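Chemist: For reference, the sequence and a predicted model appear below.
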Amino acid sequence: MQLYITNEFDRLDTVLVHRPGEEIDRLTHENMRRFLFEDIPFLTGMQEEHDEFVGDMQDHDIRVLYLEVLLLDLFKSNPIAKTRLIEQICQTEQCGAILPDLLDLTKFPNDQLVRTLFAGITNGEYYELTGRPALEGSARGSFILAPIPNAYFSRDPAVVVGRCVISCKMHYVERVRETLMVRAVLENHPEFAGHTVAYGGSQAPTEDRPFTIEGGDVIVLNEEAVLIGVSERTRSETIKVFARKAFSAGHAKRCYEIPIPTERTFMHLDTVFTIVDRGVVVWYPGVMEQIKQIDHFAWDAESGVVVRKAENRTLTQILSDEFGKELKVIRTGGGDEHYASREQRTDGTNLLAIAPGVACTYRRNVKTIQAMENAGVQVIAISGSELVRGLGGPRCMTMPLSRKA
């Protein structure tokens with residue numbers, strides 16, 4: 001397939017997702033905060049809601065690819081890529097003395113290995129599968145490879161910008177494996193042959209941590225411009241590195257850096273700002289209308305360097321210029337301060353546009369839905385009582401791979 005994303009609202013053609021799995025049932029009240037959850041979802045309910053969401057996309061002729069299926073394909077066809085991925089995971093997660101044993105994971109049946117990479121494996125489970133404990137003297141329930149329950153938020157591990165890919169670098173180590181798995185698929189699966197990893201490829205170790213960037217902070221405005229949030233999880237230093245590589249390779253001409261509060265409630269830019277049509281945005285006024293400083297990165301062709309300068313335009317002016325029309329703002333909760341706060345927390349601003357003026361959101365965000373419909377946006381309301389417990393909405397759960405103008 002051809003990767004192609006030049007904005008956030010053209011008709012969605014192909015998207016990558018991960019259906020919540022056994023990793024969710026690993027959450028307990030004792031470990032949920034370690035794994036970046038504030039509640040314990042009901043797995044069956046999550047899967048039913050996720051299936052409904054995927055079904056709605058398929059009803060609109062959107063091709064949906066599952067990360068777990070692509071990984072299984074890759075493991076069956078490319079044992080070298082499989083072994084390399086396991087080595088990277090073990091090294092990145094500092095398995096230390098148990099590294100040699102964990103490399104035995106490559107001997108697991110491929111379907112078992114895929115489940116293990118998402119759900120993790122305990123000392124007791126490893127013993128049942130191999131006949132020996134990985135950690136002598138450790139409790140059977142101790143994880144020797146942790147689960148990754150955030151994996152259903154497939155937006156964050158990578159982003160397509162134009163015809164290239166940003167392989168992201170997660171802020172929290174609990175999510176790094178997601179990046180490694182997605183990168184392995186994008187670099188090795190024949191479905192994606194011939195594309196370019198503009199930032200964060202496996203051959204560019206200097207772009208690894210601490211240069212963190214996550215997909216929820218990256219908003220593609222048009223063929224030439226990208227808006228990136230400096231947030232709890234994306235660093236300004238990373239944006240400059242990405243801008244240099246994207247400009248030099250011709251993937252973008254302008255990059256805007258916009259700061260948002262470094263708080264978990266606003267973990268990514270797309271929790272307070274999304275685009276639903278050309279010139280039509282939904283934003284949370286409590287953050288977006290308080291922004292004081294925006295920086296602009298541009299390419300200086302003569303010197304061959306990225307030039308950074310403070311913008312003298314407001315965000316509204318910048319977006320109007322980039323869209324080529326006057327900006328229309330739909331406020332979360334319809335602008336009511338009480339409902340805006342409630343519905344931002346339940347991802348009322350985290351919308352996925354599947355076509356111009358057509359967007360998905362959780363049906364619980366009734367005031368935001370009403371404001372969108374009043375503004376002429378067609379809303380596809382999905383169930384989300386369990387999915388929302390991980391603090392992410394339809395945009396968080398999807399990695400668009402191609403859109404059709």
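Modeler: Perfect, thanks for sending it.
Chemist: What sits closest to L227 if chain neighbours are left out?
Modeler: I219 (4.2 Å; Cβ to Cβ, 6 or more residues apart in numbering). The way it works is simple: take the backbone N, C-alpha and C, and place the C-beta from them, glycine included.
Chemist: Is my assumption valid that the one you found occupies a position in a helix?
Modeler: No: secondary structure of I219, determined by DSSP: H, G, I helix; E, B strand; the rest coil: strand, with no helix assignment.
Chemist: Pretty sure it sits against I228.
Modeler: Yes: assessed by Cβ atoms under 8 Å, I219 is found in contact with I228 at 7.3 Å.
Chemist: Please identify every residue contacting each of those two.
Modeler: Taking Cβ atoms under 8 Å, 6 or more residues apart in numbering as the contact rule, I219 and I228 both touch L269.
Chemist: Could I get the pLDDT score of E263?
Modeler: If you check E263, the pLDDT there is 83.
Chemist: Now for it: which residues touch it?
Modeler: Contacts of E263 (Cβ under 8 Å, 6+ apart): E232.
Chemist: For it, give its distance to R155.
Modeler: Using Cβ to Cβ, to the nearest Å, E263 is found at 19 Å from R155.
Chemist: where's stretch 214-224 relative to the chain centroid, distance-wise?
Modeler: 11 Å (Cα atoms, centre = their mean, to the nearest Å).
Chemist: got the end-to-end distance for that stretch?
Modeler: The first and final residues of stretch 214-224 sit 20 Å from each other (Cα to Cα, to the nearest Å).
Chemist: now the chain, which segments are flagged as low pLDDT?
Modeler: 94-103, 133-137, 203-210 (pLDDT under 70).
Chemist: the longest helix in it is where?
Modeler: The residue-count maximum for a helix in the chain (DSSP state H) belongs to helix 43-59.
Chemist: tell me which residues of it are tucked away?
Modeler: Buried residues in helix 43-59, counted by 16 or more other Cβ atoms under 10 Å: 43, 46-47, 49-50, 53-54, 56-57.
Chemist: Need the nearest residue in space to A146, chain neighbours excluded.
Modeler: Nearest non-adjacent residue to A146 (Cβ to Cβ, 6+ apart): G120, at 4.9 Å.
Chemist: do the same with A184
Modeler: L85 (4.5 Å).
Chemist: measure that neighbour to V185 for me?
Modeler: Shown here: L85 relative to V185, a distance of 9 Å by Cβ to Cβ.
Chemist: same question, G216
Modeler: As judged by Cβ to Cβ, G216 and V185 stand 19 Å apart.
Chemist: re earlier: the residue nearest to A146: neighbour count?
Modeler: G120 has 19 neighbours, counted by other Cβ atoms under 10 Å.
Chemist: just checking, it touches P149?
Modeler: No: the pair G120 and P149 does not pass the contact test of Cβ under 8 Å, sitting 9.4 Å apart.
Chemist: Need the overlap of contacts for these two.
Modeler: Common contacts of G120 and P149 (Cβ under 8 Å, 6+ apart): 23, 26.
Chemist: which stretches of the stretch 151-300 of the chain form helices?
Modeler: 176-188, 236-248, 285-288 (DSSP state H, counting those that start in this stretch).
Chemist: Mind listing residues that contact the second one?
Modeler: Translated: helix 236-248. 161, 164, 166, 169, 198-199, 207, 211-213, 226, 228, 230, 252-253, 255, 257, 295, 297-299, 304-306, 308.
Chemist: chain center to it, what's the gap?
Modeler: So, by Cα atoms, centre = their mean, the centroid of helix 236-248 is 19 Å from its chain's centroid.
Chemist: For that helix, list every residue counted as buried.
Modeler: Quick answer for helix 236-248 (16+ other Cβ under 10 Å): 238-247.
Chemist: thinking again about what came up before, export the longest helix of the chain as PDB, just CAs?
Modeler: Extracted in PDB, the C-alpha atoms of helix 43-59 (Å, rounded to 0.1, in the frame of the first residue of the first chain):
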ATOM      1  CA  LEU A  43     -12.000  -6.500  28.800                       C
ATOM      2  CA  THR A  44     -15.100  -8.000  27.200                       C
ATOM      3  CA  GLY A  45     -16.800  -4.600  27.200                       C
ATOM      4  CA  MET A  46     -13.700  -3.000  25.700                       C
ATOM      5  CA  GLN A  47     -13.600  -5.500  22.900                       C
ATOM      6  CA  GLU A  48     -17.300  -5.100  22.100                       C
ATOM      7  CA  GLU A  49     -16.900  -1.300  22.000                       C
ATOM      8  CA  HIS A  50     -13.800  -1.600  19.900                       C
ATOM      9  CA  ASP A  51     -15.400  -4.000  17.500                       C
ATOM     10  CA  GLU A  52     -18.300  -1.600  17.100                       C
ATOM     11  CA  PHE A  53     -15.900   1.200  16.300                       C
ATOM     12  CA  VAL A  54     -14.000  -0.900  13.800                       C
ATOM     13  CA  GLY A  55     -17.400  -2.000  12.300                       C
ATOM     14  CA  ASP A  56     -18.400   1.700  11.800                       C
ATOM     15  CA  MET A  57     -15.200   2.400  10.000                       C
ATOM     16  CA  GLN A  58     -15.600  -0.600   7.800                       C
ATOM     17  CA  ASP A  59     -19.200   0.400   7.000                       C
END
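Chemist: Brilliant, that's me finished.
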